[in-house]
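Participant: I would like the atomic coordinates for the input below:
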Amino acid sequence: MHIYTTRRIVAALMHRFDIDTKYGVAKLMGVSHKTVRNWVDEGRTMDESHAQKAAELLELDYEFLLICIQMERANKNPELARAWSKIASLWDSSKVAAFGLIFCPLINHFSTLPGVIS
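Facilitator: Take a look at the predicted model:
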C-alpha cells in the first residue's frame, strides 16, 4: 500500500503531467501558486476538495486519498496516526477482498466451460 502525503500528491501530478514548476501544478489544480507553495514548502495539508481534484487527475480513489490526508493531518498525534494507518490498511484489504468476491466466481464459472484450458 502506498500512502500519499500532500507533497507526494504534488510530486505525482508533476510526474504524470510532465510539469517542472509549482506554478504549473497550481494552474493544473486551479489554485494559486501560493497554495501549492504552502503544500510543498510549508508542509501544509491539501484540503478535501483539492484531494478530490488530484484523485481525478491521477485516477486514484478519492476515498483513499482522503484517508491519506487524514493520516497526514494526524501526524502530530501518534495514536491518531496509527488509527488512520489501520483504516488505510483495512480499506486496502477491502478492495482486494471485493475484487476476489466479484471475480473469483466468474473465473470459476469460465474455467469449467468446455474447451477452456485450465
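Participant: could you list the low-pLDDT ranges of the protein?
Facilitator: For the chain, the stretches with pLDDT under 70 are 1, 93-118.
Participant: how many neighbours does residue 26 have?
Facilitator: 19 (other CB atoms under 10 Å). (Glycine included, C-beta is placed from N, CA and C.)
Participant: equivalent analysis for the one 5 residues further on, please.
Facilitator: Here the neighbour count serves as a burial measure; for residue 31 (other CB under 10 Å) it reads 18.
Participant: ok, and the closest non-adjacent residue to it?
Facilitator: Nearest non-adjacent residue to residue 31, counting by CB to CB, 6 or more residues apart in numbering: residue 50, 6.7 Å away.
Participant: host element of that neighbour?
Facilitator: helix 48-58 (DSSP states H and E).
Participant: contacts for the helix or strand hosting residue 8 next, please.
Facilitator: For residue 8, the element it lies in under DSSP H and E is helix 6-16. Helix 6-16 is contacted by residues 4, 19-20, 22, 24-25, 28-29, 36, 39-40, 43-46, 51, 54, 57-58, 65, 69, 72 when judged by CB atoms under 8 Å, 6 or more residues apart in numbering.
Participant: any of the residues you listed buried? List them.
Facilitator: Taking 16 or more other CB atoms under 10 Å as the criterion, what is buried in those is 4, 19, 22, 24-25, 28-29, 36, 39-40, 45-46, 51, 54, 58, 65, 69, 72.
Participant: from those, which ones fall inside strands?
Facilitator: Among the buried ones among the contacts of helix 6-16, no member falls in strands (DSSP state E).
Participant: export the helix holding residue 8 to CSV, keeping only CA atoms.
Facilitator: In CSV, the C-alpha atoms belonging to helix 6-16 read as follows (Å, rounded to 0.1, in the frame of the first residue of the first chain):
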residue,chain,number,x,y,z
THR,A,6,0.3,16.2,0.1
ARG,A,7,3.9,16.6,-1.1
ARG,A,8,3.7,13.1,-2.8
ILE,A,9,0.5,14.0,-4.5
VAL,A,10,2.1,17.2,-5.9
ALA,A,11,5.1,15.2,-7.0
ALA,A,12,2.8,12.6,-8.6
LEU,A,13,1.0,15.3,-10.5
MET,A,14,4.3,16.9,-11.7
HIS,A,15,5.5,13.5,-12.9
ARG,A,16,2.2,12.4,-14.5
